[in-house]
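S.K.: got a structure for you, letters missing:
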């Protein structure tokens, strides 16, 4: 029975699990995306999203609370200076999990965990691709117009 089991223990003791989450969260904040197993990805999302929400309100108390979880002052600084500015208008859902397939060695399901606002591929406000036309139809039309204008000028 699963009475009172509210989160995945991931086969680790409490101290090991908390240390692993702190390390993974610091890596996620520093690199903006990490690759891990699907189970750890879902667990790290529950760990890091409340911390990002706390970082929106930059107070000494919130910094100390976040530091007690992360235990890395550089990650806390980056979280409060850069990440919180980007996610200021987002009401939640700061982390995206993308499944990558199975790992070669042990066939474990892998996933990429990333901060949503730092991916320009999925972000509509990010860098936009140039529109391309197929087979240069617009170029031909422009050339025809130029040729007709030149022929009118010579006549």
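M.R.: Nice, I can see it. Only a predicted model underlies this, so the values are computations on that prediction, with no experimental measurement involved.

S.K.: which residues of the chain score low on pLDDT?
M.R.: 122-155 (pLDDT under 70).

S.K.: Go again with 80.
M.R.: 120-155 (pLDDT under 80).

S.K.: so what's the residue positioned nearest the centre of it bridging to?
M.R.: Centroid-nearest residue in the chain: residue 115, 2.1 Å away (criterion: CA atoms, centre = their mean). Assessed by DSSP bridges, residue 115 has beta-bridge partners residue 95.

S.K.: quick one, what contacts it?
M.R.: Contact analysis of residue 115 by CB atoms under 8 Å, 6 or more residues apart in numbering lists 28, 29, 32, 33, 83, 86, 87, 94, 95, 96. Backbone N, C-alpha and C define where each C-beta goes, glycine included.

S.K.: Now these in JSON lines, please, with extra columns for distance to residue 48.
M.R.: Below are the contacts of residue 115 laid out as JSON lines (distance: CB to CB, whole Å):
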{"residue": "28", "distance to residue 48": "6"}
{"residue": "29", "distance to residue 48": "8"}
{"residue": "32", "distance to residue 48": "12"}
{"residue": "33", "distance to residue 48": "12"}
{"residue": "83", "distance to residue 48": "10"}
{"residue": "86", "distance to residue 48": "14"}
{"residue": "87", "distance to residue 48": "12"}
{"residue": "94", "distance to residue 48": "8"}
{"residue": "95", "distance to residue 48": "6"}
{"residue": "96", "distance to residue 48": "12"}
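
S.K.: How about residue 116: what's its closest non-neighbour residue?
M.R.: Spatial nearest neighbour of residue 116, excluding adjacent residues (CB to CB, 6 or more residues apart in numbering): residue 96 at 5.0 Å.
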